[in-house]
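> sequence first, then the predicted structure:
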Amino acid sequence: MSKQIGLLRSVVTVAAAVAFIVTWSSGFIIPAYATVDVSPLTLLVWRFVPLAVLLLAVLRLSDAAKGLNIRDVRTQATIGLFAQFGYCVAVYGAVAAGIATGTVALIDAVQPLVVAVLVGPVLGPRVRGAQWAGLVIGAVGVLLVVRSQFGSSEAPAMAYLLPAVAMVCLIVGTLLQRKSAVKSGVLLTLTIHVTVSAVLLLVIAVVTGTLLPPASASFWLAVALTAVFPTLAAYGLYWWLLRRVGITALQALLFLIAPATSLAGSILLGEPMTVVTVAGFILCGIGVAVVLTSEARSPETTASSARKRDVAVREAR
């Protein structure tokens, strides 16, 4: 029985990881289409405001907010300010400026190396040599994947700071979440993050005159797609996987975002795909495998797995 439970857990984790990669990548591709004739702020505000209303309604009807206090709300609001509002505004701005989606994803994918440097001093766990090796291999793979895209964009040089800002925002949000003692569920976490983003975007859109949406069906289709996939699915899976597999393994999975985005960009947007790109895909896969294998074999993970296995066996009896 315990083997079956362990196998099911592994299958669920792998399926969630694949879904996370696909849905997070869609957050780069959809804005590339939707922000051609529309301000990225307009798309963002209509992506978040209706979703915030829906999530607040669901939260009210459920018990997910039971025991919530002001300190928890303040903590999650701060995390959402960085991990969702800051990240999304910077990514949409970069894509709207004309930077290739793979290039945005590349700069975004550098964050695992930064997190690997910070995870020890900030959170305590030691990043082992094998994990460093995997992260470096993955970084080289990401560089190869989008190498041909540098210089192919007419975006101004300053626009390349926007993906870097997005990367920093997500790093800060992730580290704050891991360092925080607040252990709210995914629904509550997502609701607070989306609501904070919606309020800020609404204020900015009103001030800048970008609130009114176009009447085109394609715009509302993009709104629906971005609400469901990059927001509900991708961010929900991000926080779920953060607790499920740990910060180092999750950051390693982020290496696959750039190859997935480049592949989608090649098919849907005509962005370059070469032998070098394929070589980068392979290196990314190797890097992720090294980090995940090292994570699974770590003493901390082994002890945690043993405790969970014991609990599962007792429950099965």
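Ah, there it is.

> the strands in the stretch 51-200 of the chain, which residues?
For the stretch 51-200 of the chain, no strands are identified by DSSP state E, counting those that start in this stretch.

> ok, residue 197 touching residue 48?
Yes: assessed by Cβ atoms under 8 Å, residue 197 is found in contact with residue 48 at 4.9 Å. No exception for glycine: its C-beta is placed from N, CA and C like everyone else's.

> which residues touch stretch 206-216?
Outside stretch 206-216, the residues within contact range by Cβ atoms under 8 Å, 6 or more residues apart in numbering are 37-39, 41-42, 45-46, 202, 204-205, 219-220, 223.

> go with 10 Å
34, 37-46, 49, 201-205, 219-220, 222-223 (Cβ atoms under 10 Å, 6 or more residues apart in numbering).

> ok, of those residues, which come out buried?
Buried subset of those (neighbour count, 16 or more other Cβ atoms under 10 Å): 34, 38-46, 49, 201-202, 204-205, 219, 222-223.

> least trustworthy helix or strand in the protein by mean pLDDT?
The helix or strand of the chain with the poorest confidence is helix 299-316; it has a mean of 40 (mean pLDDT, DSSP states H and E).

> shared neighbours of residue 197 and residue 48, anything?
Joint contacts of residue 197 and residue 48 (Cβ under 10 Å, 6+ apart) are 84-85, 88, 231.

> now the helix ranked longest in the chain: buried residues?
Longest helix in the chain, counting residues (DSSP state H): helix 2-34. Buried residues in helix 2-34, counted by 16+ other Cβ under 10 Å: 5, 16-17, 19-32, 34.

> what's the answer for stretch 255-272, then?
Using 16+ other Cβ under 10 Å as the test for burial, stretch 255-272 gives 255-266, 271-272.

> and these as JSON lines, adding distance to residue 60 and secondary structure?
Output for those, formatted as JSON lines (distance: Cβ to Cβ, whole Å; DSSP: H, G, I helix; E, B strand; the rest coil):
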{"residue": "255", "distance to residue 60": "38", "secondary structure": "helix"}
{"residue": "256", "distance to residue 60": "36", "secondary structure": "helix"}
{"residue": "257", "distance to residue 60": "34", "secondary structure": "helix"}
{"residue": "258", "distance to residue 60": "39", "secondary structure": "helix"}
{"residue": "259", "distance to residue 60": "40", "secondary structure": "helix"}
{"residue": "260", "distance to residue 60": "36", "secondary structure": "helix"}
{"residue": "261", "distance to residue 60": "36", "secondary structure": "helix"}
{"residue": "262", "distance to residue 60": "41", "secondary structure": "helix"}
{"residue": "263", "distance to residue 60": "40", "secondary structure": "helix"}
{"residue": "264", "distance to residue 60": "36", "secondary structure": "helix"}
{"residue": "265", "distance to residue 60": "40", "secondary structure": "helix"}
{"residue": "266", "distance to residue 60": "44", "secondary structure": "helix"}
{"residue": "271", "distance to residue 60": "43", "secondary structure": "coil"}
{"residue": "272", "distance to residue 60": "48", "secondary structure": "coil"}
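
> just give me the least confident of these.
Minimum pLDDT across those is recorded for residue 272, with 73.

> what separation is there between it and residue 103?
From residue 272 across to residue 103, the span is 11 Å (Cβ to Cβ, to the nearest Å).

> what do you get for residue 161?
In this view, residue 161 and residue 103 are 13 Å apart by Cβ to Cβ.
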